[in-house]
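Trainee: how would this look folded up:
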Amino acid sequence: MKIRKLFQKTQFGIFGLFGLIVLSTSALTIYTVQTHLSTEYEGNSRNIAKTIADASVDILLNRNLATLQSLIDQFVEIQGIRYVYITSDSGEFLAHTFVPGIPEAILNSDPNETKAVNRQLPGMGEFVEVGSPILAGFAGTVHVGMDLDVIGLKIQRAIGQQVYLISILLVVGVLGSIWFVNLAARPLGDLLAFAVKLAKEEDTDGTDAEQILARDDEAGELARLLLHISQRRTPSDDPPPAADGTG
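Mentor: Numbers count the residues shown, from 1 in each chain. This is a model prediction of the structure:
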């Protein structure tokens, strides 16, 4: 599609506006989805940690560590949960799901921490860890690690679907704007062709001329004005002959 020079800046402005809308919408969508899903996963992790803490009270009172280990092994099967470990109030590791052993980053961390903590464990990946106290911390703390790769994959899928839709709207919008601009510029081309015929004193009879003269917009008014000026021209309007008799 060819765009007339008069409308090129307008068309580029439309392109820039669509681009700005797409970029701002995509950025807002990514931020909203990422924040929402991250908050949701963190909340689910806290709920799971609290569930384990509530269920392990009697087990800890009876010092049945085998049952405690069996309990946390079940929660690792939930999608997104990569590890669970329980520490006593003194910092002793009572049960965990790490194989073959507890990573150094976990061993050197605060066993009573319950706030969300981002961890990068060598050979395992990146995680967000939350904790829940058992009996207000007097019986220990439950720690649950959520795999950030799983969260990232969920975010990519959610964002990808919306970005596809936004991209389709961008392409349709750009093509539609080109079509509308060319539609608006078509009368200008007809008016230019009509003016050229008048300048060359060619016959202006014909379907094209009739169409431009019949328009009720600015293009039609200009065409009728040009025709009126052309018809009012008289021989006296012609430039006088040159002094040497030529022309």
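Trainee: over to the nearest residue to N112 once chain neighbours are set aside: give its phi and psi.
Mentor: Distances taken as CB to CB, 6 or more residues apart in numbering place T141 nearest to N112, at 5.5 Å, with adjacent residues excluded. Bear in mind the C-beta positions are built from the backbone N, C-alpha and C, glycine included. Backbone torsions of T141, given as degrees, to the nearest 10, read phi -140, psi 140.
Trainee: now swap in the one 4 residues further on and tell me
Mentor: Note on G145: its backbone torsions stand at phi -110, psi 120 [degrees, to the nearest 10].
Trainee: report the helix or strand with the lowest average pLDDT across the chain.
Mentor: For the chain, counting by mean pLDDT, DSSP states H and E, helix 207-214 ranks last in confidence among helices and strands (a mean of 71).
Trainee: pull out the buried residues from it.
Mentor: Within helix 207-214, the residues that qualify as buried by neighbour count (16 or more other CB atoms under 10 Å) are 209, 212-213.
Trainee: repeat that for stretch 186-193.
Mentor: Buried residues in stretch 186-193 (16+ other CB under 10 Å): 187, 190-191.
Trainee: which helix is the longest one in this protein?
Mentor: helix 148-199 (DSSP state H).
Trainee: tilt between that one and helix 207-214?
Mentor: 100 degrees (axes from the mean of the first three to the mean of the last three CA atoms, to 10 degrees).
Trainee: start and end of stretch 87-106, how far apart?
Mentor: Taking CA to CA, to the nearest Å, stretch 87-106 runs 11 Å from one end to the other.
Trainee: what's the average pLDDT for that stretch?
Mentor: Mean pLDDT, stretch 87-106: 88.
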